[in-house]
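Student: Just the structure for this:
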Amino acid sequence: MNKATREAIEHGCPMRWEMDPASAVGRLNLVATTYTYENGNVRSRTLHRTHDPIAALRLSDDIKALGGRLEGKSPSDLYARWQEGIE
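Tutor: Presented below is the predicted three-dimensional model:
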């Protein structure tokens, strides 16, 4: 786990997995919402990138074990939906 992910856990930032729209090979990005403005817009930061959904699941488990907040779909669900879209 990298330093940026540990800092996001310490500050209580909500995190989520997203498919990278610029990647043609199914890259998963771990994104943290670092600030929400008064008008509802958010500032986010990409913390980690991987092409392996199993590695993403392991990282998700580590984040949860350290008390981090993960929201949204699991990396395996996102990756499965991405694969269905290509085939």
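
Student: who touches the helix or strand of the chain with the lowest mean pLDDT?
Tutor: In the chain, no helix or strand scores lower on mean pLDDT, DSSP states H and E than helix 75-86, which sits at a mean of 87. Residues outside helix 75-86 that contact it (CB atoms under 8 Å, 6 or more residues apart in numbering): W17, E18, M19, G26, L28, P53, A56, L57, S60. The C-beta positions use only the backbone N, C-alpha and C, and glycine is treated the same way.

Student: What helix or strand is the residue nearest the centre of the chain located in?
Tutor: Closest to where the C-alpha atoms of the chain average out (CA atoms, centre = their mean) is L30, at 2.2 Å. L30 belongs to strand 28-36 when assigned by DSSP states H and E.

Student: now R16
Tutor: strand 14-19.

Student: Quick one: mean pLDDT over that strand.
Tutor: Strand 14-19 shows a mean pLDDT of 96.

Student: Tell me the neighbouring strands of that strand, and mark each as parallel or antiparallel.
Tutor: Strand 14-19 has its sheet partners listed here by DSSP bridges as strand 28-36 (antiparallel), strand 69-71 (parallel).
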